[in-house]
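Visitor: what shape does this take:
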Amino acid sequence: MVPLEILKPLLAAADEFLRQAPWRWMSDSQVIGLKHPQTGEVLLCSVLGNLGQLYALQVYRREAGHRWLLTTVADDVQGEPWAWFQEKGFEADLIEVEFTTRADLWREDRAALTAAAYSPIRKRGHVWPLFRSILPGYLPWPVNAEEARTLLFALPRALAVARLAQACPNLWDDHPPGEVAFVPEDFDPAGDALRPEDINWHPLLPPAEPMPAPVTLSEGKLRRFAALPQAQGFQLELDTFYLPQALTGPERPWFPTVALAVDRASGLVVSFKISEQLSTDPSPMLASVLSKALDYLRHRPESLHVRRSRVARMLEPVAAQLDIPVRLEPELPALNEACAGLEQMLGF
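Guide: All right, here's what the predicted structure looks like:
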């Protein structure tokens, strides 16, 4: 639980943000930049609520968070939007305050608010502040004390920019998506209001995505699989992705990953594997399902088909060694049907 000496001013800052409701005139693509005075970390803030569905201030941190936000703002999903969001939705890194209904509060949230003697500024609607930490591969979880301090730093500064945007509706007009409005490091939100000339505009590109580890097989398996006959008309579809149901972990619930191989003609799931702990490198799982599939079918496929470029890059080196081309296709009906069946079987 966040200490009361941090929680109470954080609640006051959240109430002021809600009172101003900057989503009435701001969009989530108008990115606000901050530099944390203690850590020197760059934080990117986005105001949500313009569409009337989710009301929040989100503060994106580290490379994974910046990549998620800036790629979304630029709408740069490399021709595979569904696959990109399915995969990357689990890889964002941020903290947020969301304004929600009382019914959406967890028991722990209610206990903290009761301890702080908190009551919302209005009686009904999305008025209850919900403070959450989102890490890659994990279920959203209540913030810790350090994350609460970061939100307390970000809220009044983001609101200062929002007030400036309200006073100057054309503030973002001459700045393309991806250009970030940075608040001066010495700005005191308790002092004077921001002026347009105070903003430092910086174009930011999404950080490069780390290259995935390639799928590797032992020399013995490579020799054995290379000697298999290549069956005409045999095509194998493969993927690895997060399952949508979180599992209990020692610190916070985490999302398991699954890898599977599907025979394109029959739709048969030839092999699949589910991670037993949080996995940041799915290449061993993908190697396992590919190996089991070839052992079971005793043929090399004419081609391997995947629906996301990341998986293609993981498979290409070993596929080249086996003389199997890799094809990228955003829509794979057999694989999609197998995924739906697998999730139903597992109760997700």
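Visitor: could you verify my assumption that S309 touches L328?
Guide: Yes - taking Cβ atoms under 8 Å as the definition, S309 is a contact partner of L328 at 6.0 Å. Every residue, glycine included, has its C-beta placed from N, CA and C.
Visitor: looking at this structure, which helix or strand does the model trust least?
Guide: The weakest-scoring helix or strand in the chain, judged by mean pLDDT, DSSP states H and E, is helix 81-88 (a mean of 53).
Visitor: tell me which residue lies nearest the centroid of this structure.
Guide: A92 (2.6 Å; Cα atoms, centre = their mean).
Visitor: make sure I have this right: it is in a helix.
Guide: No - using DSSP: H, G, I helix; E, B strand; the rest coil, the secondary structure at A92 is coil, not a helix.
Visitor: returning to that earlier point: just give me how far whichever helix or strand comes after the least confident helix or strand of the chain sits from the chain centre.
Guide: Going down the chain from helix 81-88, the next helix or strand is strand 94-100, by DSSP states H and E. Computed by Cα atoms, centre = their mean, to the nearest Å, the chain-centroid distance of strand 94-100 equals 14 Å.
Visitor: for strand 94-100, what is the average pLDDT?
Guide: Mean pLDDT, computed over strand 94-100, is 97.
Visitor: orientation of the very next helix or strand once past that strand relative to strand 94-100 in degrees?
Guide: Scanning forward in sequence from strand 94-100 by DSSP H and E, the next helix or strand is helix 107-115. Angle, helix 107-115 to strand 94-100, by axes from the mean of the first three to the mean of the last three Cα atoms, to 10 degrees: 70 degrees.
Visitor: if we can go back for a sec, tell me the contacts of the residue nearest to the centre of the chain?
Guide: Shown in contact with A92 (Cβ atoms under 8 Å, 6 or more residues apart in numbering): Y60, A64, G65, W68, L69, I134, P136.
Visitor: identify the bridge partners of the first one.
Guide: The one in question is Y60. On the basis of DSSP bridges, Y60 is bridged to L44, L94.
Visitor: right, and it touches L48 too?
Guide: No - Y60 is beyond contact range of L48, at 11.9 Å (criterion: Cβ under 8 Å).
Visitor: and the host helix or strand of L286, what does it pack against?
Guide: Remark: L286 resides in helix 283-297, with elements defined by DSSP H and E. In this structure, helix 283-297 makes packing contacts with helix 219-226, strand 235-242, strand 257-263, strand 269-274, helix 309-321, judged by 3 or more Cβ pairs under 8 Å, 6 or more residues apart in numbering; DSSP states H and E.
Visitor: what's around G233, how many residues?
Guide: 8 (other Cβ atoms under 10 Å).
Visitor: what's the answer for the one 4 residues further on, then?
Guide: For E237, the neighbour count with other Cβ under 10 Å is 26.
Visitor: now do the contacts for it.
Guide: Contact analysis of E237 by Cβ under 8 Å, 6+ apart lists A261, V262, D263, R264, L304, H305, V306, L332, A334, L335, A338.
Visitor: try it again at 7 Å.
Guide: By Cβ atoms under 7 Å, 6 or more residues apart in numbering, the residues touching E237 are V262, R264, H305, L332, A334, L335.
Visitor: most neighbours, which of those residues?
Guide: V262 (28 neighbours).
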